[in-house]
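Chemist: next one to model:
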Amino acid sequence: MNELALAYEATKGISEAAGTALPKNSVLQKGIFMMRQLDCAVIQMVHEIRMDEGMDAYDTVYGVFEEGGLVYPGAGFKDRTHVQIAIRNPEMILGYFRVDGMT
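Modeler: Numbers count the residues shown, from 1 in each chain. Presented below is the predicted three-dimensional model:
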């Protein structure tokens, strides 16, 4: 989270210096972000900062996105919550499988 906060500040500073608008996450409906341009720019900045500092690259990026409405009153679950995994280093993929009946 510290890296994300620092990357956000760097992204914001670059946008301000260039006189361009900071990217925005776009909300489609009911608080669900369908286009995450800001999040994408910040995560890309994390990777740029790590590279510039001579730090090891992240092979994967994993995020949990809590979105949508509550599944039931008082729930800790939202109906559009999902996980996204981005594999940046294809060598980390050891294999994959398909679940029967899934498309």
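Chemist: center of this structure, which residue is that?
Modeler: Nearest residue to the geometric centre of the chain (Cα atoms, centre = their mean): residue 39, 5.2 Å.
Chemist: can you pull the pLDDT of that residue?
Modeler: For residue 39, the pLDDT comes out at 91.
Chemist: and the host helix or strand of residue 34, average pLDDT?
Modeler: Here residue 34 is covered by strand 32-36, with elements defined by DSSP states H and E. For strand 32-36, mean pLDDT is 74.
Chemist: same question, stretch 59-67
Modeler: Across stretch 59-67, the average pLDDT comes to 89.
Chemist: can you give me the helices in the chain?
Modeler: Using DSSP state H, the helices found in the chain span residues 2-18, 37-52.
Chemist: neighbouring contacts of the first one?
Modeler: Same thing as helix 2-18. For helix 2-18, contacts defined as Cβ atoms under 8 Å, 6 or more residues apart in numbering pick out 21, 22, 23, 38, 41, 42, 43, 45, 46, 49, 50. Backbone N, C-alpha and C define where each C-beta goes, glycine included.
Chemist: go with 7 Å
Modeler: Identification of contacts with helix 2-18 by Cβ atoms under 7 Å, 6 or more residues apart in numbering yields 21, 22, 41, 42, 45, 46, 49.
Chemist: re earlier: the helices of the chain: which one's closest to residue 85?
Modeler: Residue 85 lies closest to helix 37-52 among the helices of the chain, at 12.5 Å (Cβ to Cβ).
Chemist: which of the residues in the closest one are buried?
Modeler: For helix 37-52, a neighbour-count test (16 or more other Cβ atoms under 10 Å) marks 38, 39, 41, 42, 43, 45, 46, 47 as buried.
Chemist: what sits up against it?
Modeler: Helix 37-52 is touched from outside by 3-4, 7-8, 10-11, 22-25, 57-58, 61, with contacts defined as Cβ under 7 Å, 6+ apart.
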